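# sequence first, predicted model second:
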Amino acid sequence: MLALAFAAPLSAEILAQQLPGFYQQLKAEQQFSAAWRPDSTQSVQQWRTEARQLLRDALLWPEQPLDFAAEQLMVEQRDGYQAERWQLNLTPENRVTVSVLRPAGEGPFPAVLLLHDHGAYFLIGKAKLIKPFARDPDLAKAEAWTKRYYDGRFIGDELAAQGYLVLAADSLGFGERGPLNADAQQALAANFFQLGRSLAGLAAYEDLRLAAFLAQLPQVDNTRIAALGFSMGGFRAWQLAALTDDIKAAATISWMTTSDTAMTPGNNQLRGQTAFWMLHPGLAAKLDYPHMAGIAAPKPALFISGAKDRLMPAAGTEQAFATMRQIWQAHGAGEKLVTELWPEQGHQFTAAQQQRVWRWLEEVFAKPAAEDNH
């Protein structure tokens, strides 16, 4: 009689994390075959070109040339700048409303593309970053969210007051394009796969389009455009810097780790949540998170994380930072990568961290960005 071998039953802990019982074996097989390595015979510039294309292909979203057909809807004067609502085409299927803050004066202005967090809170998106118009029903929700994660500040308005043109939009499922809920996001992601596409890919492609929109605005100095975000928005910021040279610099708050750390039982990412907006099918077999972020090199990049951030354990963050430093150094641009682990900080974008980012932006954009020859 043929003897059949059966795997051991899943432990209660593994079942609770929705992990396959053999996940450790699968993790051991992740060799990240497309990663940059210091002993590689390939030039770092050639690696960057090929890795960027690998990341772009993983989005499962084709290029769709399309006029933005931007239309201004509303204007509100604020102290030293103007708040505007626009509609524009991001894809043939999606015409979205965006928030723009325009400083007083003629420009061209340095610009910041703000990318909102997840937080399992879908009622608002861009309103987490830019103060809604007066009498907007989302104003109270937005103020409560900023108090929880941003020390009560709308970071877009803070930047506009300093002379930056600022733009933010809702990702699909958030704010005016939702709201979803925790269960519905799983079905949405699965149904994109059934259509041969990816929710993470759509989010990234729309971010690419937002960057391109900023770069073509006559009021924007397209040599000085930064991406900035906290939590999932931080992931989106470094991902966008990796994908397009419309973005000249990126600042990430509370999002950098290794996939090994992210797959540790007890880690929030195993519950799904933001993962649906960040996981590109098959890519994790070839590139780890710091390798993906390294595609942005040699651009200026700032990464701030908290040593007490339970979503991004410090050990994984430090390991990722070390990997990224190797890539920037290989470009001869080690000084352009700034990584900071704040010892008493958790998962927030505090006023002190905001001031750190503002200083960094001022330094990076003090003069026109050097031509990127890569």
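Noted; the coordinates are in hand.

# for the chain, what spans make up the helices?
Ranges of helices in the chain, per DSSP state H, are 12-16, 23-28, 44-58, 139-149, 155-161, 182-194, 199-216, 232-243, 259-262, 289-294, 314-330, 351-364.

# mind listing what's buried in the shortest one?
I take that to be helix 259-262. By neighbour count, with 16 or more other Cβ atoms under 10 Å as the criterion, the buried positions of helix 259-262 are 259, 261-262. Glycine gets a C-beta too; all of them are placed from N, C-alpha and C.

# OK, contacts around the residue nearest the centre of the chain?
When Cα atoms, centre = their mean is applied to the chain, the residue found nearest the centroid is residue 236 (1.2 Å). By Cβ atoms under 8 Å, 6 or more residues apart in numbering, residue 236 lies in contact with 115, 203-204, 207, 227, 229, 277.

# could you identify the most distant pair in those residues?
Largest separation among the contacts of residue 236 by Cβ to Cβ: 227 and 277, giving 15.3 Å.

# so between those two, which is more surrounded?
A direct count of neighbours by other Cβ atoms under 10 Å for residue 227 and residue 277 places residue 227 higher, at 31 against 23.

# residues contacting the spatially closest residue to the more buried one that is not a sequence neighbour?
Nearest non-adjacent residue to residue 227, counting by Cβ to Cβ, 6 or more residues apart in numbering: residue 237, 4.0 Å away. With contact taken as Cβ under 8 Å, 6+ apart, residue 237 is in contact with 115, 227-229, 250-252.

# pLDDT score for residue 5?
Looking at residue 5, its pLDDT reads 41.

# can you give me the neighbour number for residue 281?
Using other Cβ under 10 Å, residue 281 has 14 other residues around it.

# can you check residue 18 too?
As a burial measure, residue 18 scores 10 neighbours (other Cβ under 10 Å).

# check residue 67 too.
By other Cβ under 10 Å, the residues close to residue 67 number 7.

# shouldn't it be in contact with residue 89?
Yes. Between residue 67 and residue 89 a contact is recorded at 6.7 Å, counting by Cβ atoms under 8 Å.

# ok, and the closest non-adjacent residue to residue 74?
residue 85 (4.3 Å).

# make that residue 50, sorry
Residue nearest to residue 50 in three dimensions, not counting chain neighbours: residue 34, with 7.4 Å by Cβ to Cβ, 6+ apart.

# hang on, the earlier thing: what pairs with the residue nearest to residue 74 across the strands?
As for beta bridges, residue 85 partners with residue 74, residue 99 under DSSP bridges.

# quick one: it from residue 51, how far?
From residue 85 over to residue 51 the distance is 37 Å, taken as Cβ to Cβ, to the nearest Å.
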